[in-house]
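Student: need the 3D shape of this:
(chains A and B, ligands or ions: 1)
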Amino acid sequence: MDAPLKEQITNALKAVTDPEIPVVSVIDLGMIEGISVEGTKATVQVLPTFVGCPALELIRKKIKDAVEKVRGIDYAEVIFIYNPPWTSDRITEMGRKRLKEFGIAPPPKLLEKEKEWSVDCPYCGSSYTLMENVFGPTACRSIFYCKHCKNPFEAMKPVFLN
Amino acid sequence: MTSVKNALEARQNKEYVSALTELLFQLADDDFILAFRGSEWLGLAPHIEEDVAFSSITQNMMGHAFMYYQLLEQLGEGTVDELAHERSGKKRKNAIMLEKVNGLGTYLQSPKFDWAFTVVRHYFYDVNKKIKLDCLQDCSYEPLKHAAINIRKEQYYHLVHWETWFKQLVKAGGEAKTRMMVAVEKVWNEFDDVLSLGPRGEVMANYQLIDREDVIRQTFMNTIGDVFENLELGPLPKLKEMKKSGRIGEHTEDLEKALATLTEVYKKEPSSSW
Ligand SMILES: [Zn+2]
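Tutor: As a prediction, this is how the structure comes out:
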């Protein structure tokens, strides 16, 4: 097993983004479940964020292209797998930070007891917010409203195992 | 029943694979046709936020159908596109209630769609879909089990969405409530085959693909019964027996027309991904 090669692939994947959230890499979204290398062939296991997401084929191609540019890899296979299921808490701290910078609140965390979402406004930081529409402009985003600064904003939709 | 890991393993047992494909066709065709009815609402929903939400739900549902068709493809039933677009009505296993038109007119010609009917149909459907997805968490066919776990993450929001609409419109009283009650009766009259697993339901249960139909029905009746009670809608009426069942490929003209529309789009651009 060629450890440095795997590292290079991981680094290459840090430049691959989901077309719907162009600032966060597939690594930071927690979509990459496994990378294996056999000779000059790499296999990447990817967890789709949404079932039948229309962007999947595009993501497959972007990952394949990026991995095949790594020196020592001639061929990359991208496999979508559904176990384990992707959830929004797979997004890394770096991913959450980048989302915020982009103006999208990171996915809220579920407050177990109240069964309510807690999400901070990306503009003023207030937690005095309200989920207005769980369905935003794309499958992965929701629309919130900040009662403090009175701005609507988008957040990554919380996805969890219920 | 030990778990079956993949299509290759499933195909070792003829009876197993036939019950499994039957179940997958029901799941796929149900989501597919109701998503199609949802897509006809694009631009016509009561307000802009609903338009965004409904189209997102519809897209998710198409994704769910796609996922089930993919499992069928792995079992050698044909490609996803063929399964979705090229099967005649007789081969479709969706429940009849789900193929019914949204109301008067068509998408292109003076649509006078019935929002109350849409809310009730989607809500009742999603209550039942959730119950089935819960059962499928223990499905003996692992690829279906994992698909169901993923689908359930998204379906949770659909159910919340339609439940909110249902309760709000009923509680609003006046014309809203009157229309909702008319819609409830209409949906209820032909809801029986939504709850049906078809003639091979027992085989499905024996192989631990899904719970027994009577168990699923009971859970559904209890859930909706509680909702009726909380909204003071009185006791739940008994479901009516139906003359036809979509689970054995019996359908209405509404399905034929829907398939003609779908096929037209598909034939124009067979390569378009969905
Ligand atoms: Zn704010």
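Student: tell me which helix or strand residue 59 sits in.
Tutor: All of this is about chain A. In this assignment (DSSP states H and E), A:Ile59 forms part of helix A:56-68.
Student: oops, wrong one, chain B.
Tutor: helix B:48-74.
Student: hmm, that helix in reach of chain A?
Tutor: Yes - using C-beta under 8 Å from any C-beta of the partner chain, helix B:48-74 reaches chain A at B:49, B:52-53, B:56-57, B:59-60, B:62-67. For every residue, glycine as well, the C-beta is placed using N, CA and C.
Student: ok but A:Ile35 is inside a strand, no?
Tutor: Yes - counting by DSSP: H, G, I helix; E, B strand; the rest coil, A:Ile35 is found in a strand.
Student: what about residue 59, neighbour count?
Tutor: Defaulting to chain A. 23 (other C-beta atoms under 10 Å in any protein chain shown).
Student: try chain B instead
Tutor: B:Gln59: 20 neighbours (other C-beta under 10 Å).
Student: now swap in B:Asp138 and tell me
Tutor: B:Asp138 has 13 nearby residues by other C-beta under 10 Å.
Student: ok, it touching B:Ala205?
Tutor: No - in this structure B:Asp138 lies outside contact range of B:Ala205 using C-beta atoms under 8 Å: 11.6 Å.
Student: what about the strands in the chain?
Tutor: Defaulting to chain A. Remark: strands assigned in chain A by DSSP state E are A:17-18, A:21-25, A:32-38, A:41-46, A:75-80, A:104-105, A:109-111, A:116-118, A:129-133, A:141-146, A:152-156.
Student: chain B was what I was after
Tutor: B:103-104, B:112-113.
Student: need the contact list for the residue nearest the centre of chain A.
Tutor: By C-alpha atoms, centre = their mean, chain A has its centre lying nearest to A:Leu29, at 2.5 Å. Counting by C-beta atoms under 8 Å, 6 or more residues apart in numbering or on different chains, A:Leu29 touches A:Asp18, A:Ile21, A:Thr49, A:Arg90, A:Ile91, A:Gly95.
Student: would you turn the residues of helix B:48-74 next to chain A into a markdown table with pLDDT?
Tutor: What follows is the residues of helix B:48-74 next to chain A, written out as a markdown table (pLDDT from 0 to 100):
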| residue | pLDDT |
| --- | --- |
| B:Glu49 | 86 |
| B:Val52 | 90 |
| B:Ala53 | 92 |
| B:Ser56 | 91 |
| B:Ile57 | 94 |
| B:Gln59 | 92 |
| B:Asn60 | 93 |
| B:Met62 | 95 |
| B:Gly63 | 94 |
| B:His64 | 97 |
| B:Ala65 | 97 |
| B:Phe66 | 94 |
| B:Met67 | 95 |
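Student: any chance of a PyMOL selection covering the buried ones in the residues you listed?
Tutor: Selection of buried members from the residues of helix B:48-74 next to chain A for PyMOL, criterion 16 or more other C-beta atoms under 10 Å in any protein chain shown:
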select buried, chain B and resi 52+53+56+57+59+60+62+63+64+65+66+67
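Student: circling back to that earlier point, ok, the residue nearest to the centre of chain A to A:Val119 distance?
Tutor: A:Leu29 sits 18 Å away from A:Val119, going by C-beta to C-beta, to the nearest Å.
Student: list the contacts of A:Cys146.
Tutor: A:Cys146 neighbours (C-beta under 8 Å, 6+ apart): A:Cys121, A:Tyr123, A:Cys124, A:Ser126, A:Tyr128, A:Thr129, A:Pro152, A:Phe153.
Student: roughly how far does the residue lying closest to it once chain neighbours are set aside sit from chain B?
Tutor: Nearest non-adjacent residue to A:Cys146, counting by C-beta to C-beta, 6 or more residues apart in numbering or on different chains: A:Cys121, 3.8 Å away. Separation of A:Cys121 from chain B (C-beta to the nearest C-beta, to the nearest Å) stands at 19 Å.
Student: do A:Pro84 as well
Tutor: Using C-beta to the nearest C-beta, A:Pro84 is found at 9 Å from chain B.
Student: near chain A, anything from stretch B:249-268?
Tutor: No - Stretch B:249-268 lies out of reach of chain A by C-beta under 8 Å from any C-beta, never closer than 15.7 Å.
Student: what does that stretch contact?
Tutor: Everything outside stretch B:249-268 that qualifies as a contact, by C-beta under 8 Å, 6+ apart, is B:33, B:36-37, B:81, B:85-86, B:88-94, B:96, B:99-101, B:244, B:272.
Student: chain center to that stretch: distance?
Tutor: Centroid separation for stretch B:249-268 versus its chain: 16 Å, with C-alpha atoms, centre = their mean, to the nearest Å.
Student: quick check: chain neighbours aside, which residue is closest to A:Lys69?
Tutor: A:Ala12 is the one closest to A:Lys69 (C-beta to C-beta, 6+ apart), at 6.5 Å.
Student: count of neighbours near that neighbour?
Tutor: A count of nearby residues for A:Ala12, using other C-beta under 10 Å, gives 20.
Student: may I have stretch A:139-146 as PDB, with CA atoms only?
Tutor: Below are the C-alpha coordinates for stretch A:139-146, written out as PDB (Å, rounded to 0.1, in the frame of the first residue of the first chain):
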ATOM      1  CA  ALA A 139     -31.700  20.100  -2.400                       C
ATOM      2  CA  CYS A 140     -28.900  20.800   0.100                       C
ATOM      3  CA  ARG A 141     -30.000  24.200   1.300                       C
ATOM      4  CA  SER A 142     -32.700  25.600   3.500                       C
ATOM      5  CA  ILE A 143     -33.900  29.200   4.000                       C
ATOM      6  CA  PHE A 144     -33.700  30.800   7.400                       C
ATOM      7  CA  TYR A 145     -34.600  34.200   8.700                       C
ATOM      8  CA  CYS A 146     -32.600  36.200  11.300                       C
END
